[in-house]
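Engineer: No sequence on hand, only this structure:
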Ligand SMILES: Cc1cc2nc3c(=O)[nH]c(=O)nc-3n(C[C@H](O)[C@H](O)[C@H](O)COP(=O)(O)OP(=O)(O)OC[C@H]3O[C@@H](n4cnc5c(N)ncnc54)[C@H](O)[C@@H]3O)c2cc1C
């Protein structure tokens, strides 16, 4: 911290430098997961690309750690560090929509929800994940799996260009024709190669969708059939099924609270009559406990969130090829016998447009994986962590059935082998080469790190 001249820093930046003496320091160092209570030397809320280049120079000159933060949702806590510099993009909220050209340039301080609401007013959308408060920065650079993925592919499949400030402070326009190696790498390779300040996305015409939540009682048979139906459904339907004890929410009848349910978030992006037909087999699996599937404007898929919600959970991510009867039995049994206050097995049937892109087209290269899974157990306090970690690991191992591959954006801080598992085959070697070219000193290392060769 002694190598930082704070007065100089405040004068140098167009944005704002927040230090431990500032009243909003605690708020500024807070990230989504309450597992990470870290105290950086300074958080710099950058105002423009020149500020980003200055922060990069500062990190290089001082040798301090550099954390880059967009929406702060990293499950590994990469958006904040102890004693180092946080480059906070949250003031960068510019959005330039070309309605006729069906593209938008978005600064990376925007969240998925903010972007979706703004372009949604034109009946347009780009697909992100299931949560509006996630930042465009992290979700885009890792891949982006959500409500439109089976229809239009991952977020990176609608990424057309980016502005990236590299480790030497240079700003590059990156697209299919310019720095194509870097353009390939940032579509799945995370924050390893520079700071993205703007993304250009393709916009899709997404009128009203039929979407929302369907809750069914969870038995092995409803889980198995639900996943089978979701995989067989047309691409217009993307589904995220959470198998979990029913939360005590006002719209859930009291007799179901705590009982195992399939709480599915579903989005059919197509006409209502077709949606009714496609959703009928799901509704017929059991008498729904809650059926909130209805025609809505697409941005309503991101309901308002409690800004103070800061969960603490152990989590594991995985891919699996099948949820057959035995696997479904295992899910029910493990969820029933866990004593975590809240635990969930999330299943995301993939396929559709995700799988129609070649594996080597982007650094996200798990195109043919059939189902993404996430297992989480919430903690009541830090002492819980070892037991919850053991539980999620055991359930994840049973689900993945030997498939070690993972989606980088759902990794916690799980070590080098797990990062390696996010990038199969030659993808890893290619990423290492690009890293070597653009960040040979590994300045951008507080991330799911792809180290340079040397
Ligand atoms: C509640 C919740 C729901 C989620 N749902 C989904 C989902 O449905 N689908 C899905 O695909 N993912 C989902 N995720 C995972 C999410 O995509 C990742 O955690 C993502 O990294 C978060 O992005 P962020 O910008 O909010 O996080 P941050 O913590 O700000 O950033 C994460 C990392 O990304 C890098 N980074 C971020 N912005 C930039 C930038 N502009 N330039 C360079 N590097 C940058 C940095 O290395 C940073 O450490 C979810 C996460 C949470 C917590």
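Structural biologist: That came in fine, so what should we check first? The structure presented is a predicted model; accordingly, all values stated were derived computationally and were not measured.
Engineer: For residue 230, grab the count of nearby residues.
Structural biologist: The tally of other residues near residue 230 (other C-beta atoms under 10 Å) stands at 25. The C-beta positions use only the backbone N, C-alpha and C, and glycine is treated the same way.
Engineer: can you offset everything so residue one is 5?
Structural biologist: In the new numbering, first residue 5, that becomes residue 234.
Engineer: Report the secondary structure state of it.
Structural biologist: State at residue 234, reduced to three classes by DSSP: H, G, I helix; E, B strand; the rest coil: helix.
Engineer: who touches residue 329 in this structure?
Structural biologist: Residue 329 makes contacts with 224, 225, 228, as judged by C-beta atoms under 8 Å, 6 or more residues apart in numbering.
Engineer: likewise residue 443?
Structural biologist: Residue 443 neighbours (C-beta under 8 Å, 6+ apart): 170, 171, 196, 197, 198, 456.
Engineer: run the last query once more with 7 Å
Structural biologist: Going by C-beta atoms under 7 Å, 6 or more residues apart in numbering, residue 443 touches 171, 196, 197, 456.
Engineer: Now, those residues that are in strands?
Structural biologist: Residues from the contacts of residue 443 lying in strands, with DSSP state E as the criterion: none.
Engineer: could you point out the longest helix in this structure?
Structural biologist: Longest helix in the chain by number of residues (criterion: DSSP state H): helix 389-404.
Engineer: circling back to that earlier point, most neighbours, which of the contacts of residue 443?
Structural biologist: Most surrounded of those: other C-beta under 10 Å gives residue 197, at 28 neighbours.
Engineer: backbone phi and psi for that one, please?
Structural biologist: phi -120, psi -10 (degrees, to the nearest 10).
Engineer: which residue packs closest to residue 327, ignoring adjacent ones?
Structural biologist: Nearest residue to residue 327, sequence neighbours excluded (C-beta to C-beta, 6 or more residues apart in numbering): residue 231, at 4.3 Å.
Engineer: my read: that neighbour touches residue 326, true?
Structural biologist: No. The pair residue 231 / residue 326 is not scored as a contact, 8.5 Å apart, by C-beta atoms under 7 Å.
Engineer: Comparing those two, which residue is more hemmed in?
Structural biologist: Neighbour count, other C-beta under 10 Å: between residue 231 and residue 326, residue 231 has more, with 25 against 16.
Engineer: pLDDT of the helix or strand containing the more buried one, averaged?
Structural biologist: Residue 231 is part of helix 224-236, with elements assigned from DSSP states H and E. Average pLDDT, helix 224-236: 98.
Engineer: Just the element for residue 440, please.
Structural biologist: Secondary structure (DSSP H and E) places residue 440 in helix 430-442.
Engineer: pLDDT of that helix, averaged?
Structural biologist: The pLDDT scores in helix 430-442 average 98.
Engineer: for the closest residue in space to residue 20 that isn't next to it in sequence, what are its contacts?
Structural biologist: Setting aside the residues directly before and after it, residue 20 is nearest to residue 49 in space (C-beta to C-beta, 6+ apart), at 4.6 Å. For residue 49, the contact set (C-beta under 7 Å, 6+ apart) comprises 19, 20, 22, 92, 94, 95.
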